[in-house]
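# Below is the sequence, then the predicted model.
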Protein chains: 4
Amino acid sequence: MKITLMNERSFILGYTMHNKYELILRAAEKIIAAGGIQGLSMQLVATEAGVAAGTIYRYFKDKDQLILELRKDVLSQVASAILEDHQIGTIEQRFKRIWMKMYNYGKQPSPANLSYEQYANLPVINTQEIRQLEMQLFAPLQQLFEQGKAQGLIQPLHPRMLYALAMEPAMTMARTCRRGLIDYQPKDITFACDLCWRAILSPNTTTATI
Amino acid sequence: MKITLMNERSFILGYTMHNKYELILRAAEKIIAAGGIQGLSMQLVATEAGVAAGTIYRYFKDKDQLILELRKDVLSQVASAILEDHQIGTIEQRFKRIWMKMYNYGKQPSPANLSYEQYANLPVINTQEIRQLEMQLFAPLQQLFEQGKAQGLIQPLHPRMLYALAMEPAMTMARTCRRGLIDYQPKDITFACDLCWRAILSPNTTTATI
Amino acid sequence: MKITLMNERSFILGYTMHNKYELILRAAEKIIAAGGIQGLSMQLVATEAGVAAGTIYRYFKDKDQLILELRKDVLSQVASAILEDHQIGTIEQRFKRIWMKMYNYGKQPSPANLSYEQYANLPVINTQEIRQLEMQLFAPLQQLFEQGKAQGLIQPLHPRMLYALAMEPAMTMARTCRRGLIDYQPKDITFACDLCWRAILSPNTTTATI
Amino acid sequence: MKITLMNERSFILGYTMHNKYELILRAAEKIIAAGGIQGLSMQLVATEAGVAAGTIYRYFKDKDQLILELRKDVLSQVASAILEDHQIGTIEQRFKRIWMKMYNYGKQPSPANLSYEQYANLPVINTQEIRQLEMQLFAPLQQLFEQGKAQGLIQPLHPRMLYALAMEPAMTMARTCRRGLIDYQPKDITFACDLCWRAILSPNTTTATI
DNA sequence: CATGAATGAGGCTTCATTCAT
DNA sequence: GATGAATGAAGCCTCATTCAT
């Protein structure tokens, strides 16, 4: 997913530029992961990326745009990690695969994941663009819900509500685990995943799941 | 509720101090709500609070401490708003009251609520103190879960897991609503609340709720 | 010496004031001794003196005046310590007593002595007043030199030159010792004192000292 | 002499850097000479040096380091001025040349000399590094004393004591003169220099000097 | 294209001084 | 007289951004 995005960009900007662009983004991601957005200085990014401070401005208009592009980039990473193989199997299998991938991804202290969480509640800058991308990237999940609803399998609720009820818990639990507050057992996770699935299941559905 | 905390503080610090202390806290809260932590400058706080810049330092050691105290204060506000009347009624009634209050509180674009969300993923500064307070403030919710488990009503899961499964959706939905992405109908909310309740219910329980 | 000065002041200002005046001066002296003039803040002085910050301004016009008064006060202390019993004995005995007292006083890390050295090379503020006082306080030493010259015992040089040649070394050695760079033996000091005395002695003088 | 130091630095730091580094140091020196260390503000240094405030921080970590480097720089200047041609002639000639240079240098109201005196009694910060440099820079003087002692010409005393007895008077007299308190005649100075030399001379030495 | 030195506005904090109590 | 809360100017320093090389 992200690779696709990057390739698109590299076609436009040429290989060399792509290289530095990428370096800068990765450096920023790493720094934010370590010290939050507050810890992000252009000089630090430059040093970490191994380029001169001025060079950043050849790829990004200013700091705000760097952050915006990073948000978009990281969002792509998260989406592609979570939605990998999303089209294989039954609705339930697909839901649970996404749920588990979301949990497992969110559990990791990787730069991408750590920086991702920094953007969540940023003040209202450029949000429109981000939201659009988010919609686009997570369209497969929305489609899954729609299909489930069409089959009478999933409750006829707004996709965002389904997401809040069934997916957000995976993120919350992953965060709790990553922060070392709890060490969930695999069976707990499987169980929670199942509970989430059942939570949005149509009441009249007969499920084979225990 | 928050008033209780404030009164305690005012007993300790004396009335005069309480006054400015409070003013500064409210100003900071407002600024963070509007522009995020990044937008918080001591000068801005001073202006908004109607005091001189230097005055802030009579009440707070430095910017970090101001933010820490604000986090604690806002956390108290949120907790007291959500846990108001939490001990009245059956387990289910109590759970649902908390859920609804959480949703309704989170939906508001009040300074306290908006600033609250800014702290969620801050880099790990002073987190220990915050966590301790959080545990303490939300103890009633945890007790509710424990009682439910003791009665065989609620699944025997870790309280944090129960929270993630049943409460976090309220917060997520509130956020979505507050941001104007969706305008949930009261019946949707009631329904979601019930789904959350059922999600953590023991499977052998016979519920009258449909 | 200082006592005289203080008494004069106390007659004018009354006993109570004298008390706080003194307290503030001693506090400032202590603080400067510990951290240099740079470390002197009015708040610190107030705290150390056990008075309110505003109180200082009832006794001193501003910080500059506090420092000026302290300089004068400390100068008095030093002079009276060094010139104690200065009129007893022969010229030589009197010279050597002063020399030894100067060395011994300068060796101590007392607040008065430590703060004294902070003023030595201050930029040219209020120097006129200080110089006048200095002249006045050290008049006995100058008289000693004059008497020595009149008796043909001491070289007919300017008193300041005699001071530089014969007295300053005592101060320098004391400082070196106080800073822990050298630990002079009593006999070294006696010897140095004698060398200083001989240095300004008239060449035609027959001295019994070897 | 100082130029040597500077050239060394410029070889290391490159020409451009050397230029601004030097400018800043000279500006700071000038400001301290005029108003003491208390009068040194980074803004003032920037203005005087003709650079932006932030530029200073490319060359000096912070104000403390700027002051430390300036101390070292000025110490080097003083040492090289005083010890110029120090190895030519007999022990006595060498001693007297240093003494005279010390007096003549100390007499000047040059920025370097004026700022030099400001550092003398600073609170104990970074003193170790300064002392080491001082020892190193003034090693030739110490060697002179050692040679004089080895030849039985100079009293067998600690070099610091010899310095206090014979050299410090030069500094004190220079200061007095610079401050306009006295205008010494050349013959006075020559005489004082000779007295200082004789003061540390071994008693059994037959001197041709009057 | 890339560099990195330079800029200077702006942020945090201190502190001498005032003034209502 | 005494207090100490309040002030706000001024100090140190950072950092996004520019531009000559």
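Perfect, I can see it now.
# Please, where are all the helices along chain A?
A:2-13, A:15-35, A:42-49, A:53-59, A:63-82, A:91-107, A:111-119, A:127-137, A:139-150, A:159-162, A:168-178, A:186-199 (DSSP state H).
# residue contacts, A:Met135?
Applying C-beta atoms under 8 Å, 6 or more residues apart in numbering or on different chains, we find A:Met135 in contact with A:Gln142. Bear in mind the C-beta positions are built from the backbone N, C-alpha and C, glycine included.
# do that again at 10 Å, thanks
In this structure, A:Met135 makes contact with A:142, B:181, judged by C-beta atoms under 10 Å, 6 or more residues apart in numbering or on different chains.
# What separation do you get for it and A:Leu141?
Computed with C-beta to C-beta, to the nearest Å, the distance linking A:Met135 and A:Leu141 is 10 Å.
# repeat for A:Ala166
Where A:Leu141 is concerned, A:Ala166 sits at a distance of 10 Å (C-beta to C-beta).
# who touches both of these two?
A:95, A:98.
# Of the two, which one has the most company?
A:Ala166 (28 against 21; other C-beta atoms under 10 Å in any protein chain shown).
# burial count for the nearest residue to that one once chain neighbours are set aside?
Distances taken as C-beta to C-beta, 6 or more residues apart in numbering or on different chains place A:Cys196 nearest to A:Ala166, at 4.3 Å, with adjacent residues excluded. Neighbourhood size, A:Cys196 [other C-beta under 10 Å]: 25.
# I figured A:Cys196 hits A:Lys96, correct?
Yes: judged on C-beta atoms under 10 Å, A:Cys196 makes contact with A:Lys96 at a distance of 8.7 Å.
# List the contacts of the most centrally placed residue in chain A.
Nearest residue to the geometric centre of chain A (C-alpha atoms, centre = their mean): A:Val78, 2.9 Å. Counting by C-beta under 10 Å, 6+ apart, A:Val78 makes contact with A:1-2, A:102, A:105-106, A:112-113, A:116, A:134, A:137-138.
# what about it, distance to C:Glu129?
74 Å.
# how about the helices of chain A, which one is nearest C:Gln87?
helix A:42-49 (69.7 Å; C-beta to C-beta).
# Please compute how far that closest one lies from its chain's middle.
For helix A:42-49, the distance from its own C-alpha centre to the chain's C-alpha centre is 24 Å (C-alpha atoms, centre = their mean, to the nearest Å).
# And stretch A:21-40, by the same measure?
That offset, for stretch A:21-40, works out to 16 Å (C-alpha atoms, centre = their mean).
# Which positions within it qualify as buried?
For stretch A:21-40, a neighbour-count test (16 or more other C-beta atoms under 10 Å in any protein chain shown) marks A:21-33, A:35-37, A:40 as buried.
# From the structure, what's the count of residues near whatever residue of chain A ends up closest to chain D?
Closest contact between chain A and chain D, by C-beta to the nearest C-beta, is at A:Gln43 (11.5 Å). A:Gln43 has 10 neighbours, counted by other C-beta under 10 Å.
# Go ahead and confirm it touches A:Lys63.
No: A:Gln43 is not in contact with A:Lys63 according to C-beta under 10 Å; the separation is 11.1 Å.
# Identify the contacts common to those two.
A:Ile56.
# I'd guessed A:Leu141 sits against A:Ile91; true?
No: using C-beta under 10 Å as the test, A:Leu141 is too far from A:Ile91 to be in contact (11.8 Å).
# For A:Cys193, give its distance to D:Ser115.
73 Å.
# Ok, A:Ser76 next?
Counting by C-beta to C-beta, the gap from A:Ser76 to D:Ser115 is 59 Å.
# out of those two, which sits in the more crowded spot?
Per other C-beta under 10 Å, whichever of A:Ser76 and D:Ser115 has more neighbours is D:Ser115, with 26 against 20.
# these two touch, right, the more buried one and D:Ala27?
No: if you go by C-beta under 10 Å, D:Ser115 and D:Ala27 don't touch, sitting 11.1 Å apart.
# shared neighbours of these two, anything?
D:40, D:70.
# among the helices of chain A, which gets the worst mean confidence?
Per-stretch mean pLDDT for the helices of chain A is lowest at helix A:2-13 (a mean of 42).
# For the residue in chain A that DNA strand E sits nearest to, list the residues it contacts.
Closest contact between chain A and DNA strand E, by C-beta to the nearest atom of the strand, is at A:Gly54 (1.7 Å). Shown in contact with A:Gly54 (C-beta under 10 Å, 6+ apart): A:42, A:46.
# quick one: it from A:Val45, how far?
For A:Gly54, the distance to A:Val45 - C-beta to C-beta - is 12 Å.
# A:Val74: what's it in contact with?
So A:Val74 contacts A:2, A:25, A:28-29, A:32-33, A:111-119 (C-beta under 10 Å, 6+ apart).
# What residues does the residue lying closest to A:Leu114 once chain neighbours are set aside make contact with?
Nearest residue to A:Leu114, sequence neighbours excluded (C-beta to C-beta, 6+ apart): A:Ala33, at 3.5 Å. Shown in contact with A:Ala33 (C-beta under 10 Å, 6+ apart): A:39, A:74, A:109-118, B:123.
# With respect to C:Leu157, which of those residues is nearest?
Distances from C:Leu157 to the contacts of A:Ala33, taken by C-beta to C-beta, are shortest for A:Gly39, at 67.4 Å.
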